[in-house]
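> what follows is a predicted structure for the sequence shown.
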Amino acid sequence: MTFELNPGKLLGMFWPVWALLAVSLLVSPHAWADQTLGFALVAAMPLAATTVLWGFGRRRWRLELTPAALVHHTLGRTEAFEWTRMGQIGVSAVPGLDLIAPATLHFAYAGEGAQGAVGRAPGRRLLCVFGDGGTRRLVRQIEDYRRLHGAG
């Protein structure tokens, strides 16, 4: 089973930029009126970044479920997390923004590279920009697959 990169979720990573631009526009509309081209360029950068990332990554950046492991394909490498070494999957999300702002999947992992990227917390985090539904639905699908194949 494979979960492909979702361009909507990828675009959702940039919502803080647009929120800050909206506040800036409300605070000083005259400055933005004088620099319309600058405003348009800054507002379009997330859309351009999403288009480029999706163009290069839609075939490579994905989650793949196999009977033995959760395989995370990124633009630069592939990581396989064996089900037998993996703890329960949790979600770190912004409440209410599950479909807009991407969350992260986090789980304890007793394999190679067990130290997390943030601090000394054991485990792994994966940016969840995959699949067509919300993050919690993705976790249910992964856990169902895991149980179906007797891996958890």
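Received it, and whenever you're ready, just let me know what you need. Because the structure is a prediction, the values reported are computed rather than measured.
> tell me who's in contact with residue 21.
Residue 21 is in contact with 39, 42-43, counting by C-beta atoms under 8 Å, 6 or more residues apart in numbering. C-betas here are computed from N, CA, C, even on glycine.
> check residue 41 too.
Shown here is residue 41, which makes no contacts under the criterion C-beta under 8 Å, 6+ apart.
> rewinding a little: in helices, which of the contacts of residue 21 fall?
In helices, defined here by DSSP state H, the members of these are 39, 42-43.
> phi and psi next, for the nearest residue to residue 145 once chain neighbours are set aside.
Closest residue to residue 145 in three dimensions, ignoring its sequence neighbours and counting by C-beta to C-beta, 6 or more residues apart in numbering: residue 65, at 4.8 Å. Comment: the main-chain dihedrals of residue 65 come out as phi -110, psi 130, following degrees, to the nearest 10.
> which strand residues bridge residue 65?
In this structure, residue 65 bridges to residue 70 when assessed by DSSP bridges.
> what sits against it?
When contacts are counted by C-beta under 8 Å, 6+ apart, residue 65 touches 1-3, 71, 142, 145-146.
> got it, and residue 61?
Residue 61 touches 5, 53, 73-75, 129, counting by C-beta under 8 Å, 6+ apart.
> 6 Å instead, please
The neighbours of residue 61, taking C-beta atoms under 6 Å, 6 or more residues apart in numbering as the test, are 5, 74-75.
> helices along this structure, start to end?
Chain-ordered helices for the chain, with DSSP H as the definition, fall at 7-12, 15-27, 29-34, 36-57, 135-148.
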